[in-house]
Every structure is written in structure tokens, then in C-alpha cells.
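K.L.:
make a model of this:
(one chain, ligands or ions: 1)
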Amino acid sequence: MFVQLRYYCIAVIVLLIIPAITYPWGFFAHERINRLAVYCLPPEMMVLYKPSIEYISKHATDPDKRRYAVAAEGARHFIDIDLLDAPPYKNIPRLWKDAVEKYSMDSLNQMGILPWHLGKMLALLTNAFKEKDKEKILRLSAELGHYLADAHVPLHACSNHNGQLTNQHGIHGLWESSIPEQLADQQFDYWAGKASYIARTDNFIWEIISLSGREADTVLSLEKQLSQEFPPATRFAYENRNGKLIRTYANAYTNSYSKLLNGMVERKMKNAIAAVAAAWYTCWVNAGQPSLSLLGSATAETEPVQQLDLLQQRWMEDRCR
Ligand SMILES: [Zn+2]
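P.N.:
Numbers count the residues shown, from 1 in each chain. Next up, the predicted model:
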């Protein structure tokens, strides 16, 4: 009886304690990156982006929400670059059609298509500027910001993306959610400077991805090292969110990991802000610097409300499963 009761209690505890749900860069960081990129823009773009800053921030997370509703979405957020090549990754075709020919579409959908999707998003945003289509400009800007931010996360460029191969489960959320959420607003210097023009967008994309790919080892090895100094019981904390007990990383562990990384998360977040602003600016310049002043005066919601509601609803349903 005692044994049965003990197993019952364990089962209840296991059911109640739910691992923290983590999202690429965390929703917090995605929203911050898009919001702060707006402040790097020149006045000619600010006339549109500043009045739309809430939209640009809020919709920074749409691509992650869409993963629950659209099967093709998942592969756009990462690349398992270590499975394709070794640094400096020069053997990976930069052109999409060459990559499909070399690896096949099925393999790429398994190993991720982030760099090629970024190239597509830049072209789409440039066209939206040419068309002076406000709804498209803002939606694509918000989403391009998301994918560029993902490209700055080392574990988005690594097959061991959540430490699943090295018994480091949860490291993804520790790096990109716990550190920014606990430390960024208090400690990080967010100012990324004025938006710069990108002469070669393909080089720009692959430099970001290659750097992330090379940094993944550091992200993993330093956490492995730190975990040996912290017994498991001291690494985690539990908090009640909406009636559910959620396991998160303890503040002391998050702080120690951030220190050990020597400012990497702050540096990557700032680089992401600069990259997002540069990408928006470059698309606008390449479209012929169309005047955005008239577009900025309208204040209506820029996306059909029903579509957004549906996205939000699907995301909530799947998240609660
Ligand atoms: Zn993502």
C-alpha cells in the first residue's frame, strides 16, 4: 500500500511539473530585437516604422506561432550546419537550387533551410517596398527580423540544438530565453548604432550563420563545465504559471552561465538588432528608397484581424497540449 501510494505521489508530481516551454530566442528577445532595430533606422524610414513599432514588436513571434499550423515552417528557423560541412562551411551551396541538387529537398527540410529562407525574405521585402504595400512591408519586416534573430543563435546552427546528444536538455532555453529574460533589460547595452547598408546580402547571411555554427561548441562545452560545479538540485527553480508548476533555471545558474559565456548573449543580441535594422534599410535602398511618409500616417491594423486571431488560437491550442 505504502509503495503504491509512493508511486502515485511520484506520478502526480511528474504530471504537475512541466518543463519550461522554450521558444527560439524566447518571445521576449524576439520582441526586443525587432523593437530596438526600429531606433536604428534613418528618419525617412522612421516615419513608417515608429508609428508601427507595436506591430513590429508584437509580430516578431508570428513565425514561431505559425510552426504549429504550417508544416513547412519549422525548417525555416534553423540549419544543422555541422551535418552539412565543417568550418568554414565553404562546401555548402549558397544558391537554393544548387543546395537542393546536392542534398535533396527532403534532406534540407530535415536539416533546416534558414540561410536560404533569409535570402528569400530579403527579396520579398525589397519587392514590398517597390510596391509601397504597407501591410506587406510591415509583416515581412517583422518576420525577417525573427529569422535574422534566429540566425544569431548558435544552437540554431547545430544539430545538437537542445543538448539532446550530450545530456544537456534545456540548454536551448537557458541560452536564449533564461539569460535574456533575467538579465537583458538590467544589464545589456542595446544600442546597436545606425543602420548600415549591406553590399552583399549573401555574404552577410552566411557570415552570420557561419559564426553561429562555430560558436555552438562554446555554448555547449561551457554549460557542460558549469553543470559539474552545480548539483542538479541547485540548477533549477520551479515557478507557478497559470496554475502549472514550471521548471526553469535558477537565477544563480543563469547568472553563472552568462558570466562564463563572457558577454556572448549580449553581443549576439546587439548584433541581431544591428542586422535586422541593416536588412530593413538595405531592402528599402535597393527598392529605390520609396517615400514612406504617406504610408506611415495610416493607423489601421495592417493584417486581416481574422487571420491573426486564427494564428493566435492555433498557437494557444498546440501550446496547451
Ligand atoms: Zn524561430
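
K.L.:
just give the closest residue to the residue of the stretch 151-300 of the chain found nearest the ion, not the sequence neighbours.
P.N.:
In the stretch 151-300 of the chain, the residue found nearest to the ion is His156; the distance is 7.5 Å by Cβ to the ion. Backbone N, C-alpha and C define where each C-beta goes, glycine included. Distance criterion Cβ to Cβ, 6 or more residues apart in numbering; nearest residue to His156, sequence neighbours excluded, is Phe78 at 4.5 Å.

K.L.:
go on, Pro88?
P.N.:
Excluding its sequence neighbours, the residue lying closest to Pro88 (Cβ to Cβ, 6+ apart) is Ser210, at 6.1 Å.

K.L.:
helix or strand for that neighbour, which one?
P.N.:
helix 201-227 (DSSP states H and E).

K.L.:
give me the buried positions along that helix.
P.N.:
Buried residues in helix 201-227, defined by neighbour count with 16 or more other Cβ atoms under 10 Å: 201, 204-206, 208-216, 219-220, 222-223, 226-227.

K.L.:
how distant is that helix from the center of its chain?
P.N.:
On the basis of Cα atoms, centre = their mean, to the nearest Å, helix 201-227 sits 14 Å off its chain's mean C-alpha point.

K.L.:
what mean pLDDT does that helix have?
P.N.:
Regarding helix 201-227, the rounded mean pLDDT is 98.

K.L.:
swap in stretch 270-280?
P.N.:
Mean per-residue pLDDT for stretch 270-280: 98.

K.L.:
does it come close to the ion?
P.N.:
No - applying Cβ under 5 Å from the ion, one finds stretch 270-280 separated from the ion by no less than 11.9 Å.

K.L.:
who's in contact with that stretch?
P.N.:
25, 33-34, 36-38, 40-41, 45, 49, 122, 125, 141, 144-145, 148-149, 151-152, 188-198, 201, 204, 208 (Cβ atoms under 8 Å, 6 or more residues apart in numbering).

K.L.:
just the buried residues of these.
P.N.:
Buried subset of the contacts of stretch 270-280 (neighbour count, 16+ other Cβ under 10 Å): 25, 33-34, 36-38, 40-41, 45, 49, 122, 125, 141, 144-145, 148-149, 151-152, 188, 192, 195, 198, 201, 204, 208.

K.L.:
in strands, which of those residues fall?
P.N.:
Assigned to strands by DSSP state E, none of the buried ones among the contacts of stretch 270-280 qualify.

K.L.:
circling back: now do the same contact list for the residue nearest to Pro88.
P.N.:
By Cβ under 8 Å, 6+ apart, the contact list for Ser210 reads 81, 87-89.

K.L.:
now do Cys158
P.N.:
80-82, 212-213, 216, 220.

K.L.:
which of these lies closest to Asn109?
P.N.:
Checking these against Asn109 with Cβ to Cβ, the nearest one is Asp80 at 11.4 Å.

K.L.:
which one is Met46 nearest to, not counting chain neighbours?
P.N.:
Excluding the flanking residues, the one nearest Met46 by Cβ to Cβ, 6+ apart is Val38, at 7.4 Å.

K.L.:
go ahead and confirm Asp64 touches Gly74.
P.N.:
No - counting by Cβ atoms under 8 Å, Gly74 is not a contact partner of Asp64; they are 9.8 Å apart.

K.L.:
please report how far the residue most central in space within the chain lies from Pro63.
P.N.:
With distances taken as Cα atoms, centre = their mean, Asp150 lies nearest the centre of the chain, 3.3 Å away. Distance of Asp150 to Pro63, computed by Cβ to Cβ, to the nearest Å: 8 Å.

K.L.:
and for these two, which residues touch both?
P.N.:
Contacts common to Asp150 and Pro63, judged by Cβ under 8 Å, 6+ apart, are His77.

K.L.:
so what's Lys132 up against?
P.N.:
Residues near Lys132 by Cβ under 8 Å, 6+ apart: 290, 292, 295.

K.L.:
just for this protein, where's the confidence low?
P.N.:
For the chain, the stretches flagged by pLDDT under 70 are 1-25, 296-321.
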